[in-house]
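Trainee: Predicted model, plus sequence, below.
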Amino acid sequence: AAAAAVTSDTTNGATDTTAQPGATASASASASASASSAAASSSSPAKTPGTNTTSTYVSSYNSGKSYGGNSYSSSSYSSSYSSNNYRSSYSASSRTAEPGVVGLMNLGNTCFMNSAIQCLSNCGPLRDYFLSGRYKADENPTNPIGHGCDISSEFAALITKLWRGREATLAPRDLKTVVGKHRSQFSGYAQHDAQELVAFLLDGLHEDLNRIRKKPFVEKKEAEGDNIALFAQEAWNDHLKRNDSVIVDLFHGQYKSTVECPDCGKVSVTLDPFGQLTVPLPNNNLAAGEVEVQLLNEEQPIKVGVLVPAPAPVGDVKEAAAKALGVPASNFVAVDVRNRSIQRHLDDTERWDVKRTYYSSMLLCEVPPQAAGDEPMTLVSIDHFGTSAYISTGRPLVVPVPKDVTYAQLYDAVEARMAPVLKEVVALPTSGNDSHDELDDQLEQQFQQNNAAGSAAVADKPVASRPAEDRLFQLKELSRTGSPSSPLPDDDAPLTSVLANLAGGLCHLAAVWKCRTAHVDTMKEMQTTEHASVKSCKQSLTAGVTLDKCIRLSLERETLTEDNQWRCPECKEDRQAFKQLAIWKLPRVLVVHLKRFKYSRWSRDKIESVVDFPLEGLDMSPYLTGPTPDKPPIYDLFAVSNHFGGLGGGHYTAHAKNPDSQKWYDFDDSRVSSARASDSKSRSSYLLFYQLRGDDTEDISAAEIKTEAPASAAASAASAASAASSHDTEPMQDVEPSR
C-alpha cells in the first residue's frame with residue numbers, strides 16, 4: 001500500500017492528514033491518521049482557521065476566561081505571555097523538535113505538578129541517572145518509610161518518555177496517581193504548591209532509591225567545644241549512614257544552626273541537612289511605618305520602624321516591632337491613641353494602616369510575661385488631665401496590675417511609670433534671711449534626689465507610697481465622652497469590682513493632676529528615642545530586590561515566633577529563642593525557594609516583587625561558612641518554576657534550559673515554546689534551579705537520548721495513532737481541563 005503522508009498545520013492547531021497526489025492511502029493508514037487527528041483535537045483548544053495561537057491565549061487571559069480550572073485577569077498575565085510571543089511553539093499535534101521538548105497535559109489543576117516535573121526533567125545529572133538505568137540497582141522496595149519504588153519507577157518511566165518517546169504531549173496520569181496514593185495531600189484535583197511537590201518528589205525518590213538497606217540508629221548531637229569543622233564532618237557522616245541516594249548526592253547541603261535561649265543564655269549548635277535553600281523576600285508590597293513602643297526598662301518610648309502591608313493585621317505589626325527590638329511579640333499590648341488619649345485596645349486580627357498617623361497612632365506597651373499558673377494581670381490604661389480643663393495631655397500609659405490591687409498600689413504603679421519625667425516642687429523657705437544661693441543649693445539637691453528616685457523606679461525598684469494628702473494626682477473613672485468622672489474609692493479595699501466593670505480589653509482610667517506643669521517635665525515626657533529600624537525600613541523600600549539580599553536576609557539572626565518556640569534543655573521550658581542559620585556545605589544542584597507566600601495567624605499574602613538573580617555565575621562563596629570546597633561554588637541557572645496569580649487561584653509554568661542543546665524553553669502544560677534566558681526573571685519566579693559549574697557527571701551521548709526517525713511516513717502515522725490511543729484519547733472523565 002502506498003504510504004499516507006501526514007502534514008501538520010501548526011497555524012490552525014490541528015493535524016491535516018492528506019494523501020499526496022498519485023498515492024493511494026490504505027485503510028490502516030487512514031485509520032491511523034484519523035486516530036492521530038482525534039487525539040490532537042482532544043488535547044488542543046478549538047480554533048478557527050487563520051487564528052493566531054498567541055492572540056487566542058492572551059485574549060483568553062484578558063477576558064478572564066477559565067484556564068486549567070481557574071480564572072485569571074489580564075493584569076496578571078498579558079505582559080508575561082506577550083513578552084515571549086510563543087516563538088516556535090509546539091502544540092499537542094506537532095512532532096517534537098528535540099528530546100525533552102515535550103508538553104504535559106493538564107489533568108485538572110495539575111499545572112503545579114507539570115511545572116515541577118519539567119524543572120526536574122531538565123536537571124542533566126538527574127535525567128542521565130534515570131535514562132542510563134542506574135536507578136534500578138539502587139531501588140529499595142523494602143524501605144519501611146519508602147513507597148515500594150512506586151514513585152521512582154513512575155518517575156523513571158515519565159523521564160524516559162520525555163526524552164526517548166515520540167509524543168509531543170504526554171499525560172502524567174500514572175505519576176499523579178502514585179503521588180496521590182502515597183501523599184493524600186496531592187490526591188484529587190485541587191491546586192497545590194509546586195515547592196511542596198518538589199520537596200515530596202525529591203524525598204520520595206530518595207527513600208525509594210536509598211542505598212542503605214538497614215538504617216542504623218544515630219543519635220542527633222549538639223556541637224561541643226570550638227572544633228565545629230570536626231563536628232560538622234561527623235554530623236554529615238552520620239547523615240550518610242542513614243541516607244545515601246542520588247538525591248543526597250545532588251541536592252543535599254548542610255546548615256549550621258545556632259539557637260540561643262533568651263532567658264538562661266543556653267546556646268545550642270547543630271549541623272542539619274537541607275534539600276532546598278528557602279529565602280525570604282524583602283516585601284516591596286509593604287509600607288514603611290513607625291510605631292511607638294514603651295519598654296519596661298527604658299525611660300523614654302522608642303520609635304520603631306516596621307515594614308508591613310498597608311493595611312496589615314495588628315499581630316503582624318507587633319511581630320515586626322518585636323523582631324527589631326528582640327522582644328517576644330506576646331509581651332506587647334497594642335492600643336489606639338488619638339489626641340493623647342487611649343481610645344481602645346487593638347486586637348491582633350484587626351487591620352491597621354501604619355501610614356495613618358495624621359489623626360491616630362498605634363502604641364505598643366510592654367507588659368511582664370505571665371508564667372504558667374500565674375493569676376492574669378489587669379491592664380489599666382491611664383490618660384492624663386489637668387485641673388483647669390478636662391482635655392487630655394501628656395503621654396498615655398498602660399500599667400499592668402494584679403486583679404486585687406488597691407487604690408494605693410495602683411497609684412504607686414502609675415507614679416513608678418511616670419518617675420523618669422517627674423520633678424518635685426520644693427517649698428520656698430519661710431524665713432527671709434535665706435539667701436538666693438542657699439535656695440539654689442536646696443533646689444539642686446532636691447533635683448538630684450528626684451533623678452535618683454526616677455532611675456531607681458525604672459530599675460524596677462518600688463516607689464515609696466505617698467501619704468494621701470501629698471499625692472500628685474487623683475485616679476478617676478472615665479465617662480463615655482472621655483472625660484474624668486467619679487473618683488476611685490481611696491481605701492484599702494481591692495478595686496476588683498471597679499476594674500471588672502471597666503473591663504473591655506483594657507480598664508480605662510484618668511489621672512487628674514493637681515498641678516501637672518509643676519510636677520512633670522513635659523519636654524522630657526514627649527521625647528522619644530529613634531531606633532535604627534526607622535532608617536533601615538525606609539532604605540529597604542528604595543533599594544532593589546536581589547537574590548543576594550534575599551540570601552543574606554535568610555542568614556540573619558531572628559526571634560522565633562510564638563507558634564514555633566524552642567524547648568530549652570536548661571530551662572525545660574518552651575522559649576521564643578534567637579536563631580541563626582549559616583550555610584556550611586553546598587549541594588551540586590541548588591534549589592532556591594523564593595518565599596513569596598507569607599502566612600501568619602492573621603493574614604495571607606503573596607509578594608509580587610521582581611527578584612534580580614544571576615542567570616550564570618552565581619557565586620555562593622560569600623555565604624559559605626564551612627570549609628572551602630574543592631571546586632569554586634559557582635552555579636548556573638537551568639530551570640525556574642513560575643507562579644502567576646494570587647493565593648485564591650493561580651497558574652504554574654516552567655522555564656528550563658535543555659541540558660543537551662542549551663536552548664531555553666517555556667513549558668505551559670501541553671504547550672512548549674522557545675524562549676530567552678532573560679525571560680526567567682519576572683515577578684512570577686518562584687523556584688530557582690542552579691547546577692554547580694563544571695560538575696562531573698556521567699553523560700549520555702546524544703545518540704542514546706535522541707529518538708531515531710521512523711523508517712517511513714506510514715510508520716510515523718501508525719506510531720502517532722498508537723501514542724494517541726494510549727495517552728491523548730484516554731477518557732478524562734470529570735478532570736478534563738478547561739482551555
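Mentor: Yes, it's here. Numbers count the residues shown, from 1 in each chain.
Trainee: from here on, contacts and neighbour counts on C-alpha atoms
Mentor: OK.
Trainee: what stretches of the stretch 601-739 of the chain score poorly on pLDDT?
Mentor: 601-603, 648, 696-739 (pLDDT under 70).
Trainee: What residues of the helix or strand containing residue 397 count as buried?
Mentor: In the assignment (DSSP states H and E), residue 397 maps to strand 392-401. For strand 392-401, burial by neighbour count (16 or more other CA atoms under 10 Å) applies to 392, 394-401.
Trainee: Over to stretch 340-360?
Mentor: Here stretch 340-360 shows 340-346, 348, 351-354, 360 as buried, counting by 16+ other CA under 10 Å.
Trainee: What segments of the stretch 351-500 of the chain are helices?
Mentor: Taking DSSP state H, counting those that start in this stretch, the helices of the stretch 351-500 of the chain run over residues 407-418, 436-458, 496-502.
Trainee: Just give me the lowest mean pLDDT stretch among the ones you listed.
Mentor: Confidence, taken as mean pLDDT, is least for helix 436-458 of these (a mean of 45).
Trainee: if we can go back for a sec, pick out whichever of the buried residues of stretch 340-360 sits closest to residue 306.
Mentor: Nearest to residue 306 out of the buried residues of stretch 340-360 is residue 354 (CA to CA; 8.2 Å).
Trainee: From residue 584, how far off is residue 107?
Mentor: 41 Å (CA to CA, to the nearest Å).
Trainee: What residues sit buried inside stretch 638-651?
Mentor: 638-645, 650-651.
Trainee: Reformat those residues as CSV; add secondary structure.
Mentor: Converted to CSV, the buried residues of stretch 638-651 look like this (DSSP: H, G, I helix; E, B strand; the rest coil):
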residue, secondary structure
638, strand
639, strand
640, strand
641, strand
642, strand
643, strand
644, strand
645, strand
650, strand
651, strand
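Trainee: can I get those residues in JSON lines with distance to residue 474?
Mentor: What follows is the buried residues of stretch 638-651, written out as JSON lines (distance: CA to CA, whole Å):
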{"residue": "638", "distance to residue 474": "72"}
{"residue": "639", "distance to residue 474": "70"}
{"residue": "640", "distance to residue 474": "67"}
{"residue": "641", "distance to residue 474": "65"}
{"residue": "642", "distance to residue 474": "64"}
{"residue": "643", "distance to residue 474": "61"}
{"residue": "644", "distance to residue 474": "61"}
{"residue": "645", "distance to residue 474": "58"}
{"residue": "650", "distance to residue 474": "60"}
{"residue": "651", "distance to residue 474": "64"}
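Trainee: and which of these is nearest to residue 411?
Mentor: residue 645 (56.0 Å).
Trainee: Show me what that closest one bridges to in the sheet.
Mentor: Per DSSP bridges, the residues bridged to residue 645 are residue 650.
Trainee: Would you check that it makes contact with residue 683?
Mentor: No. Applying CA atoms under 8 Å as the test, residue 645 and residue 683 come out as separate, 10.2 Å apart.
Trainee: What score does the spatially closest residue to residue 182 that is not a sequence neighbour have for pLDDT?
Mentor: Leaving aside its chain neighbours, residue 182 sits nearest to residue 147 (6.9 Å; criterion: CA to CA, 6 or more residues apart in numbering). If you check residue 147, the pLDDT there is 95.
Trainee: before we move on, what about residue 377?
Mentor: pLDDT, read off for residue 377, is 77.
Trainee: what's the answer for residue 344, then?
Mentor: Residue 344 is given a pLDDT of 82.
Trainee: For it, name its beta-bridge partners.
Mentor: residue 336.
Trainee: from memory it sits against residue 360, does it?
Mentor: No. Using CA under 8 Å, residue 344 is not in contact with residue 360; the gap is 11.3 Å.
Trainee: Overlap in contacts, the two.
Mentor: 336-337 (CA atoms under 8 Å, 6 or more residues apart in numbering).
Trainee: Show me where the stretch 351-500 of the chain dips below the pLDDT cut-off.
Mentor: For the stretch 351-500 of the chain (pLDDT under 70), the answer is 355-359, 371-374, 387-390, 424-464, 500.
Trainee: try 50
Mentor: 425-436, 439-440, 442-444, 446-462 (pLDDT under 50).
Trainee: So residue 156 versus residue 202, what's the distance?
Mentor: 13 Å.
Trainee: Could you do residue 540 as well?
Mentor: Taken as CA to CA, the span from residue 540 to residue 202 is 35 Å.
Trainee: Tell me how many other residues crowd residue 307.
Mentor: Using other CA atoms under 10 Å, residue 307 is surrounded by 27 other residues.
Trainee: Please give me every residue in contact with it.
Mentor: Contacts of residue 307 were listed using CA under 8 Å, 6+ apart, and they are 283, 286-289, 320, 537.
Trainee: and it, bridged to which residues?
Mentor: Counting by DSSP bridges, the residues bridging with residue 307 are residue 288.
Trainee: One more: the one 5 residues further on?
Mentor: Bridge pairing for residue 312 (DSSP bridges) gives the partners residue 352.
Trainee: wait, isn't it in contact with residue 352?
Mentor: Yes. The criterion here is CA under 8 Å, and residue 312 meets it with residue 352 at 5.3 Å.
Trainee: Relative to residue 572, which of the buried residues of stretch 340-360 is nearest.
Mentor: Using CA to CA, those come closest to residue 572 at residue 348, 28.5 Å.
Trainee: secondary structure class for the closest one?
Mentor: coil.
Trainee: Could you check how far it is from residue 190?
Mentor: 31 Å.
Trainee: what's the answer for residue 378, then?
Mentor: Per CA to CA, residue 378 is found 47 Å from residue 190.
Trainee: Would you mind telling me which of these two has more residues around it?
Mentor: residue 378 (20 against 11).
Trainee: who's in contact with whatever helix or strand residue 584 lives in?
Mentor: According to DSSP H and E, residue 584 maps onto strand 578-585. Contacting residues not belonging to strand 578-585 are listed as 253-262, 554-560, 623-627 [CA under 8 Å, 6+ apart].
Trainee: The residue lying closest to residue 400 once chain neighbours are set aside: neighbour count?
Mentor: Leaving aside its chain neighbours, residue 400 sits nearest to residue 379 (4.5 Å; criterion: CA to CA, 6+ apart). Neighbourhood size, residue 379 [other CA under 10 Å]: 20.
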